[in-house]
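Enquirer: from the sequence below, what's the structure:
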Amino acid sequence: MGKKREKINGRELFDQYYSTLYQSRWDDIKKAFEKEKENVSLSERLKSPYYLDPASIIVSSMLPLCKKDKILDMCAAPGGKTLSIALRMSEDSTLVANDRSAERRRRLRESIEKLPDEILGRVRVTGFDASSWCLHEKEEYDKILLDAPCSSERHTYCDEKYLSIWSPNRPKRLKKEQYALLSSAFITLKTGGMILYSTCSINKEENEDVISRLFEKKDGLVEEIELENEYFEKRDHGYIILPDKADGMGPLYCCLIRKKKNAAIDE
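Expert: Down below sits the predicted model:
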């Protein structure tokens, strides 16, 4: 009998998987992952400093805000993008910051407490399963941020514990969860409203493929809005910031979509 085939560990699987996706660029991306991030303070308007990746500030600023907006942040913790949006919203706008995890919600509340009092009173924290939000509210929000749970490859790569158990099944599973969240957000969105979908993944399955599925399922009811930033790299749908070409920022993917006017709610 031949030798028993050795089991490939998570690190090797991870490396093989992403080197296939990024080819020769993968080595540069890995080197960028290994460098310490240079986070920046979000705003002097906060009661105490909040530091985050500059790419998060760039991406959250891509959600256009108007007067009297009713805004939903579906997966808000730990709260950096929530703060960024809250600081930009008008005095007559409101923001619901949601996260279903009690521990993550605790961190979210700590972040939100940093807001000036005049803004804090217009922000509400909730703890629902965002994938079923549409069962309770339909066409309720003008703007939605969906910063979806994702593979977070930079964090995974730098954490031996998570890397050792990584499997190609992870992005496949997350892709289903992400689409359930996006579909729910689309039904919850008012006609003419906008969703900013984002992840910190570098995997197209979790990024442009999720958006592509929405276009397939909601044919004629959704359109993509073009965005501009010096660090954006265009994808089939949306844009990505990759740390090897963005001074160490990211990774962060985003896509801004609009629900076309007169769009019928299609489950």
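
Enquirer: what values do phi and psi take at L72?
Expert: In this entry, L72 is assigned phi and psi values of phi -130, psi 130 (degrees, to the nearest 10).

Enquirer: show me the contacts for it.
Expert: L95, V96, N98, W133, E140, Y141, K143, I144, L145, A185, T188 (Cβ atoms under 8 Å, 6 or more residues apart in numbering). Bear in mind the C-beta positions are built from the backbone N, C-alpha and C, glycine included.

Enquirer: wait, a strand at the first one?
Expert: Yes - residue state for L95 (DSSP: H, G, I helix; E, B strand; the rest coil) corresponds to a strand.

Enquirer: and L256, helix, strand or coil?
Expert: Strictly by three-state DSSP, L256 counts as strand.

Enquirer: hang on, it packs against E228?
Expert: No - the pair L256 / E228 is not scored as a contact, 11.1 Å apart, by Cβ atoms under 8 Å.

Enquirer: for the nearest residue to A148 once chain neighbours are set aside, phi and psi?
Expert: Spatial nearest neighbour of A148, excluding adjacent residues (Cβ to Cβ, 6 or more residues apart in numbering): Q178 at 4.5 Å. Main-chain dihedrals, Q178, degrees, to the nearest 10: phi -60, psi -40.

Enquirer: touching, Q178 and S212? I think so.
Expert: No - counting by Cβ under 8 Å, Q178 stays clear of S212, with 12.0 Å between them.

Enquirer: between the two, which has more neighbouring residues?
Expert: The neighbour count for Q178 versus S212, taken as other Cβ atoms under 10 Å, is higher for Q178 (27 against 14).

Enquirer: what's near enough to touch that one?
Expert: Neighbours of Q178 in contact, by Cβ under 8 Å, 6+ apart: A148, P149, C150, T199, E206, V210.

Enquirer: so which residues of the stretch 51-200 of the chain form helices?
Expert: Taking DSSP state H, counting those that start in this stretch as the criterion, the stretch 51-200 of the chain contains helices spanning 54-60, 80-88, 102-112, 117-120, 153-157, 160-164, 169-188.
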